[in-house]
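Undergrad: What follows is a protein structure lacking sequence information:
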């Protein structure tokens, strides 16, 4: 296990995957330094950052000269390389496979469907000055509802977390995505008591790290509310 060094992470906490990485680092007290990359200012396209990640995306991790991109890979690396409780990314093959199963599903389901609601309701109107396209938003919410149904029936079922009895990196990736529409003052779990209870368990498991990672999103929500 790694000791005596500090991980550098390049993050924008308006980014859902960046928040997942931030929470894992913070709640496990992994020594780290955050270098903020403001996507809205185009800092991800600066020459220095492009050298680091030619894909111009966050998060990026640098650990003792080892550069890694993609949140899924970063979370699994940190949970494997650093001294964190095994439940985050279990060593037992079947339990680990359950986490891998969710994270594979996540990138074509939870992530795009929750993000699309935020994009249509917040990002596009902010960038273009145009009103929300209600027909497209309604369709996006319908797609998201299907995903939430599957989260409840396929993953949560009668267990407290997505992959079993303990929190894993799968829960971090999922909860950060499902929080994103909060930036538009929309709680997509409002009518979902099973998922609400799950979110509460995740928050309790990671403590203050949850709200610290989401502070920027809460501020965006509050600014939008003040304009209503």
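TA: Great, that's in hand. The shown structure was predicted, so the numbers you read here are calculated from the model rather than taken from an experiment.

Undergrad: can you pull out the helices in this protein?
TA: Counting by DSSP state H, the chain has helices at residues 16-27, 47-52, 71-81, 93-106, 110-118, 124-128, 134-150, 169-179, 193-206, 208-227.

Undergrad: deepest of these, which one?
TA: The highest mean neighbour count among the helices of the chain, using mean count of other CB atoms under 10 Å, belongs to helix 169-179: a mean of 27. Bear in mind the C-beta positions are built from the backbone N, C-alpha and C, glycine included.

Undergrad: Next, the angle from that helix to helix 134-150.
TA: Put simply, helix 169-179 runs at 150 degrees to helix 134-150, going by axes from the mean of the first three to the mean of the last three CA atoms, to 10 degrees.

Undergrad: Show me the shaky parts of this protein.
TA: Per-residue confidence for the chain (pLDDT under 70) gives these ranges: 1-4, 228.

Undergrad: quick one: residue 112 from residue 220, how far?
TA: Distance from residue 112 to residue 220, counting by CB to CB, to the nearest Å: 20 Å.

Undergrad: Ok, residue 172 next?
TA: For residue 172, the distance to residue 220 - CB to CB - is 20 Å.

Undergrad: for residue 100, same thing?
TA: Separation of residue 100 from residue 220 (CB to CB): 32 Å.

Undergrad: picking up where we left off before, could you dump the helices of the chain to JSON lines with distance to residue 9?
TA: Shown next, in JSON lines, are those (distance: least, CB to CB, whole Å):
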{"stretch": "helix 16-27", "distance to residue 9": "6"}
{"stretch": "helix 47-52", "distance to residue 9": "11"}
{"stretch": "helix 71-81", "distance to residue 9": "8"}
{"stretch": "helix 93-106", "distance to residue 9": "19"}
{"stretch": "helix 110-118", "distance to residue 9": "19"}
{"stretch": "helix 124-128", "distance to residue 9": "26"}
{"stretch": "helix 134-150", "distance to residue 9": "28"}
{"stretch": "helix 169-179", "distance to residue 9": "14"}
{"stretch": "helix 193-206", "distance to residue 9": "17"}
{"stretch": "helix 208-227", "distance to residue 9": "12"}
